[in-house]
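In: My questions concern the predicted model and sequence given below.
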Amino acid sequence: MKPVLEVQNLTGGYSPRRPVLHGLSFEVEPGEMVGLIGLNGAGKSTAIKHILGLMQPHEGEVRVQGQTLDQDPGQYRSAITYVPETPLLFDELTVEEHLRLTGMAYDVEESRYSDRTTGLLDDFYMTPKRRAFAAHLSKGMRQKVMIMNALLARPPLYIIDEPFLGLDPLGIRSLLDKLVEVKQEGAAIFMSSHILSTVETYCDRFIVLHHGKIIAQGTLQDIRSAAGMQREQGTLEEAFYRLTTDGGSHGG
Amino acid sequence: MGVEAIWSARAKAFWRESTPYLRYMAQSGVPLVAAMLFFAGAGYYTSFIHRVPPDFPYMLVGTLVLLPFICWSPMRTWLGEADIVFLMPRENEMGRYFKRSFRYNLIPGSILAAVVFLVYSLLYVQGPSHLPWYLMLVIVILLKVLNAAGAWRERRLAWTYSRRGVRLLRWAVTTVGLAAWLQTAPWKAAALTAAAAVLMTLLYRRLDSYRVPWLALIREEARTKRRYSVFFSAFTDVPSDSAQVSARWYLVWMIRWLAYRRDHAFVYLYAHTLLRTELGGIVIRLSALGIFSGWLAAYSGLWSGWGAAGVFLLFIWLTGLQLGSLTQSHRHSVWRHVYPLPEQSRLQAVLRVDRTASLVCAAVLWLPLLLLLPQQGYFPAAGAAAVLGAIYIVLIRPKGLKRKFTADIDD
C-alpha cells in the first residue's frame, strides 16, 4: 500500500547552521495510527511544522500522497488537517463559524458539512456552545474546536500535536472514538503525545524522538527490543524511560 | 521597586513605544486635515456667534456638548494579566498606584472639559444663564471630578449589570444636573447636585464591590491598548495582541448571503474580521460622525453644496484609511499556510470585503447629500461627490491595497 506520509532523511530547524532534526525517515500508511513520542525539546513540534510545510527542510523531503508541497500545494494541503498543541482560534468567529470556514476551505459538500457539524457538536458536548466565541471558551473547549475542525474535513492524513492537553475525560473518549472511526475508514493519523498509556493502547506504531534523532521506531515489540527489554514484557512507558535516560548514548 | 515607580516606568514605556507611531500619524496628513477642519469650524462658529437666532436652544446644546466631556472618565492603569501574580499580593500598597492613574486621567480630562466649556462660553454668555461664565467653569470642573470619582466606584462594582445600570444612572443624573446649572437658579442647581451626589454615594456603598477590581481593570486596560493599536495600524504596521471582539449580530447576519463555496472561505473570514473587531467599531463611529458632519454641511448649504461634497469625500478617505488595516489581519495566522487555499485568494478576499464595506459606507455618507442638496438646487455637488467617491473606491483604492498587502507579506 502506498504510504500517505513519507518523510525521507529530513534534516531541519530554524537555522541552517543549527539543525534541530537530524535525518528523520519514516512513513505512515493509510488506516494506521503512529505515535510520535519524545521528551520536551526533542523536536516533535518542529518535525510537525516541517510536515505541514511551515518550515523549509535543510535536507531531505516530505511527501504526502506521493507529492511534495512544491509539486502540488493544493493537493498537499487538502490532504492534511492539523490540530495544534495550543488551540489557535480566530477571535472573531464562533464555534459554528469556525466549522463553516473549515468546511468551505476544504471544500466539504454543504449537506455533508451540516450533518457532520451537528454530529461533531453532539459528540463533543459542544452544542450549547456553538455560538460562543473563543474568549468565552475554556482551554479544553478550545481544543475541542480544533479537533472538530480537523474531523470535519475528513482528510487522508491527520497531524495531531498533543491533543489531550486540557481535554476532560469525556472529550478524550470522544476524540479517541472518532480517531478509531476515521482510521477504520482508511485515514492515516500522526499524533504526538506525552500520555504514553493512551498512545500505547491506540497507536499501531511508535517513533521515539530524542535530541532530534529517531532512536527507535516500529511496533511496541520493536521499541521494547531497542530498549533492551525482553519480548512481550513491559510497557511503552518503561521502554521510553530506558531509551531516553540511558546516559545519553542515543545522541545526547 | 515601589508601586509608584512601577507606575511611572509603565507610563514611560507606553509613551516610548507610541512615539514612533505618533510620528507616522503626523506624516500621514491626518493632522493637516484636522487643522483645516478646525480652522473651517472656528470660522463658521465665529460667524454663527454674531447671528445666533433668538430661539436658539442654549440649554439643550450646552448639555449635549459638555456632557460627554464631563461624564466620560477613562482610566489608564497599565495593568496586565501578569499583575494577578505580581501586583495582587501588594494590594495594600495599590492605593498610591491608582492615585497616580486617577491624576493622570483626571487632569487632562478636566482641562479638555474646561477648554470645551470656554469655547461654548461664547454662546453661554448670550443665553439664559444665571451664573457668570467663570463660576460656571468651576462648576464644570467640579462635575468632572464628581463623575471621575463615580466612575471609579463603578469600576469596583462586582456585577456587570449593576455596573452598567449605575453608569447609565450617573450619565442621566449628570444630564439633569448640568441642564439645571445652565438654565435655572444656582441654588436650585446646587441643591439638586448635592442631593444627587449624596444619593449616588449611598447607592455605591449599598452595592457589592471589590476592594480592587483587578479583572475589570485588566480588561479595560487591554481594551484601551487595542484601541490605540487599531488606530495606529491605520498609519503603519503595529504588532498587536488578540483582537477585541463584539458579536454585532445586527450586522453579521448579512454574511449569511455569502454562498458556501471554497473560494469564499477567506471572504467569510475577513467579513467577520471587519464586522466583529474594533476596526468595525471605528468604521461605524467614523461613518456616524461623517453622516452628522455631512448633514450639517448640506443643511447649511455650505459653499453651494461643495462643502458637503468635500466632507463626504473626506470621510470616504478616512474610513478607507482605517479599512486599509484589514490587509494586516491574519497574515501571521498559521491557518493561512495550513488551509488548502492559494495566497492569491486571501488578497482577493481583502479587496472584495474592502470594496463592499467602502461602498456601503459611501452610500450612507451620501444620504444627507441626496436628501438635502437637490432641494436647494445643489444637485451638481451631490452628483460629483458620488462619481468621485465611486472612482476612488472602485479604481484607485484596490491598487494601494494590493501594494500594502504585498509589502506586508514581504515583511
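Out: Arrived safely, thanks for sending.
In: Give me the neighbour count for residue 112.
Out: No chain in the question, so chain A it is. 12 (other Cβ atoms under 10 Å in any protein chain shown). The way it works is simple: take the backbone N, C-alpha and C, and place the C-beta from them, glycine included.
In: Not quite, go with chain B.
Out: Neighbour count for B:Leu112, taken as other Cβ under 10 Å: 14.
In: That one is in contact with B:Phe69, isn't it?
Out: Yes. B:Leu112 is within contact range of B:Phe69, at 5.8 Å (criterion: Cβ atoms under 8 Å).
In: And stretch B:372-391, what's buried?
Out: Within stretch B:372-391, the residues scored as buried using 16 or more other Cβ atoms under 10 Å in any protein chain shown are B:372-373, B:378, B:381-383, B:385-386, B:389.
In: between those, which is nearest chain A?
Out: Proximity of the buried residues of stretch B:372-391 to chain A (Cβ to the nearest Cβ) peaks at B:Gly389, which lies at 27.9 Å.
In: Quick check: the closest one touching B:Val364?
Out: No. Using Cβ under 8 Å as the test, B:Gly389 is too far from B:Val364 to be in contact (11.7 Å).
In: give me every residue that touches residue 143.
Out: Just so you know, I chose chain A. By Cβ atoms under 8 Å, 6 or more residues apart in numbering or on different chains, the contact set of A:Gln143 is A:83, A:87, A:163, A:165-167, A:171.
In: oops, I was thinking of chain B
Out: B:Leu143 sits next to B:70, B:174, B:177-178, B:181, B:193 when contact means Cβ under 8 Å, 6+ apart.
In: Look at it and give its secondary structure.
Out: Secondary structure, DSSP: H, G, I helix; E, B strand; the rest coil: B:Leu143 is helix.
In: separation between it and B:Cys71?
Out: In this view, B:Leu143 and B:Cys71 are 9 Å apart by Cβ to Cβ, to the nearest Å.
In: before we move on, what about A:Gly140?
Out: Distance from A:Gly140 to B:Cys71, counting by Cβ to Cβ: 42 Å.
In: so where do the helices sit in chain A?
Out: All helices of chain A, identified by DSSP state H, fall at A:44-52, A:73-78, A:95-105, A:110-123, A:139-153, A:169-184, A:196-202, A:220-226, A:236-244.
In: centre of the chain versus the fifth one, how much separation?
Out: Read that as helix A:139-153. Distance of helix A:139-153 from the chain centroid (Cα atoms, centre = their mean, to the nearest Å) equals 13 Å.
In: One more: the second one?
Out: Relative to the chain's own centre, helix A:73-78 is displaced by 17 Å; criterion: Cα atoms, centre = their mean.
In: Quick one: list the elements packing against the helix or strand hosting B:Thr19.
Out: Following DSSP states H and E, the helix or strand that holds B:Thr19 is helix B:3-27. In terms of contacts (3 or more Cβ pairs under 8 Å, 6 or more residues apart in numbering or on different chains; DSSP states H and E), helix B:3-27 is packed against helix B:94-124, helix B:214-232.
In: Low-confidence ranges, chain A, go.
Out: Applying pLDDT under 70 to chain A picks out residues A:246-252.
In: got a list of what the most centrally placed residue in it touches?
Out: Centroid-nearest residue in chain A, with Cα atoms, centre = their mean: A:Ile160, separated by 2.2 Å. Applying Cβ under 8 Å, 6+ apart, we find A:Ile160 in contact with A:82-83, A:147, A:150, A:189-192.
In: Out of those, which are close to chain B?
Out: Residues of those in contact with chain B (Cβ under 8 Å from any Cβ of the partner chain): A:Tyr82.
In: got the contacts of A:Ile160 as JSON lines, with neighbour count columns?
Out: Shown next, in JSON lines, are the contacts of A:Ile160 (neighbours: other Cβ atoms under 10 Å in any protein chain shown):
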{"residue": "A:Tyr82", "neighbour count": "25"}
{"residue": "A:Val83", "neighbour count": "23"}
{"residue": "A:Ile147", "neighbour count": "25"}
{"residue": "A:Ala150", "neighbour count": "25"}
{"residue": "A:Ile189", "neighbour count": "23"}
{"residue": "A:Phe190", "neighbour count": "25"}
{"residue": "A:Met191", "neighbour count": "24"}
{"residue": "A:Ser192", "neighbour count": "23"}
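In: between the contacts of A:Ile160, which is nearest chain B?
Out: A:Tyr82 (5.2 Å).
In: tell me what the lowest-mean-pLDDT helix or strand in chain B is packed against?
Out: Lowest mean confidence among the helices and strands of chain B (mean pLDDT, DSSP states H and E): helix B:30-49, at a mean of 78. Judged by 3+ Cβ pairs under 8 Å, 6+ apart, helix B:30-49 is in contact with helix B:94-124, helix B:306-323.
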